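> Structure of the sequence below:
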Amino acid sequence: LIPQGKALRANAANRARFERERAAIEKRNEEAKAAAAVSGQSLDGKVFRLIRSAGDTGQLYGSVSARDICTAAAEEGHKIGRNQVHLNKPIKEIGMHEVEIRLHPEVSVTVTANVARSPDEADRQASGENIIETLATEQAEAQNEQSEALAEAAAERAAEGPADNEE
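Down below sits the predicted model:
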């Protein structure tokens, strides 16, 4: 390590050099932290709308990645890198998803990804409606109506059936 310059011998001159460099590094770190805090204030709590294709059950045909969130942030004037976006799990269904953005090791903010199939659904989700539950309820109602219609048709046929056989 010493020949490659990655380590120094522990002597007075090298300790003094280390202290000088340490002060400069700490100063740069504080400046970076302050800049991240300023940019984090404008980014914290933002909601980014992402329109994606999804099935009737709300499952996306793909997934939302860190790159997609960076692109949505860039469209609104925020500059973040893919490595700053931390997804705990892949986003694979429509809905409102909390996403952590780490601007600095000591500064992180939370944004919301509003993933929907259309701008109308995104607006409904933003107002608090759970689209997946709504879709499930609509499908259940449609199945109930269809079942009732089939039951009525079967009852009518059963009522007409014996009369046709007697003639």
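> just checking, what packs against the longest helix anywhere in the chain?
Longest helix in the chain by number of residues (criterion: DSSP state H): helix 131-166. In this structure, helix 131-166 makes packing contacts with helix 119-126, judged by 3 or more CB pairs under 8 Å, 6 or more residues apart in numbering; DSSP states H and E. Quick note: C-beta positions are derived from backbone N, CA and C, even for glycine.
> List the buried residues in the helix it packs on.
Neighbour counts over helix 119-126 (16 or more other CB atoms under 10 Å) mark Glu121, Ala122, Gln125 as buried.
> can I get the residues you listed in JSON lines with pLDDT and distance to Ser39?
Formatted as JSON lines, the buried residues of helix 119-126 follow (pLDDT from 0 to 100; distance: CB to CB, whole Å):
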{"residue": "Glu121", "pLDDT": "89", "distance to Ser39": "30"}
{"residue": "Ala122", "pLDDT": "90", "distance to Ser39": "25"}
{"residue": "Gln125", "pLDDT": "88", "distance to Ser39": "27"}
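> hmm, back to that, what angle separates the longest helix of the chain from helix 119-126?
With axes from the mean of the first three to the mean of the last three CA atoms, to 10 degrees defining the directions, helix 131-166 sits at 110 degrees from helix 119-126.
> Tell me where the protein has helices.
12-43, 66-75, 119-126, 131-166.
> what inclination does the second one have with respect to helix 12-43?
Relative orientation of helix 66-75 with respect to helix 12-43: 70 degrees, computed using the same axes, to 10 degrees.
> Give me the contacts around helix 66-75.
43, 46, 48-50, 79-83, 85, 87, 99, 111, 113 (CB atoms under 8 Å, 6 or more residues apart in numbering).
> Could you tell me which of these belong to strands?
In this view, those that belong to strands under DSSP state E are Phe48, Arg49, Leu50, Val85, Val99, Val111, Ala113.
> Distance to Gln146 and neighbour count for these - can I get that in JSON lines?
As requested, the ones in strands among the contacts of helix 66-75 are exported to JSON lines (distance: CB to CB, whole Å; neighbours: other CB atoms under 10 Å):
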{"residue": "Phe48", "distance to Gln146": "38", "neighbour count": "21"}
{"residue": "Arg49", "distance to Gln146": "34", "neighbour count": "18"}
{"residue": "Leu50", "distance to Gln146": "34", "neighbour count": "18"}
{"residue": "Val85", "distance to Gln146": "44", "neighbour count": "20"}
{"residue": "Val99", "distance to Gln146": "39", "neighbour count": "20"}
{"residue": "Val111", "distance to Gln146": "42", "neighbour count": "21"}
{"residue": "Ala113", "distance to Gln146": "35", "neighbour count": "21"}
